[in-house]
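Asker: sequence first, predicted model second:
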Amino acid sequence: ADSAVAAEANYDIVALNELSPSELSGLLAGAENVYIEAAGDNPHHAVLLGLAIPVEERVLVLTSEELLAEAGEPVRQWLGNPEARKFGYDLHKADLTLHWNGIDLCGTDFDVLLAAYLLDPTESNQTLVYLMQRYELPAIQSDESVYGKGAKFRIPEREILARHLAAKADAVRRLVPLQQKALEEGAMSKLYY
């Protein structure tokens, strides 16, 4: 499944240490989408795994350790900047998970999960995997196939985690305009905003 995802991917994954301070600043200045990964259903106790920020043909991926380190400060500042619009998935959980790690999340403007619920409140499966299928977009791997489930849950090595987070961030980037259009066409934009 990784090769199928990689074949559809139209982006390069970059790590924080691959960017100069000016490159990072430029990337964050053009960023709108972010995907924040946390393990656990309860956002007050979820474990921050990392995040991915897609900008044009690149996706910046940071593990939680990288985000919390000194080098992650520019990304933490961007996350907390209310002037920087951010689109994401399950931003309530993301906000609480970041909060418990001492990071603010401000400027959130569009939540793919909330929009999915408004567009189809009868559907109980609003995962990114399902939403990509629903909108006929390239498939992404399920969390269970990457992390395992229950007692078999494991955080994979950085390269696998980075690919998974990048695919999810790219999914958010692809879904936002489609959902915004669907909300407008269904005269539901006022419900959302």
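Answerer: Received it, and whenever you're ready, just let me know what you need.
Asker: before we move on, which element is residue 75 in?
Answerer: Taking DSSP states H and E as the definition, residue 75 sits inside helix 73-80.
Asker: now do that helix: everything it contacts.
Answerer: 16, 21, 24-25, 28, 31, 34, 51, 53, 60, 62, 67, 84, 86, 98, 103-106 (Cβ atoms under 8 Å, 6 or more residues apart in numbering). In short, each C-beta sits where N, CA and C put it, glycine included.
Asker: got the buried residues for that helix?
Answerer: For helix 73-80, a neighbour-count test (16 or more other Cβ atoms under 10 Å) marks 75-76, 78-79 as buried.
Asker: neighbouring strands for the longest strand seen in the chain, and are they parallel or not?
Answerer: As assigned by DSSP state E, the longest strand anywhere in the chain is strand 47-55. Within its sheet, strand 47-55 is paired with strand 35-39 (antiparallel), strand 58-63 (antiparallel), according to DSSP bridges.
Asker: pLDDT averaged over the first one - what is it?
Answerer: Confidence over strand 35-39, taken as the mean pLDDT, stands at 97.
Asker: taking helix 73-80 as reference, get the angle to it.
Answerer: 100 degrees (axes from the mean of the first three to the mean of the last three Cα atoms, to 10 degrees).
Asker: how about the strands in the protein?
Answerer: Here the chain has its strands, by DSSP E, at 12-15, 35-39, 47-55, 58-63, 86-88, 108-111.
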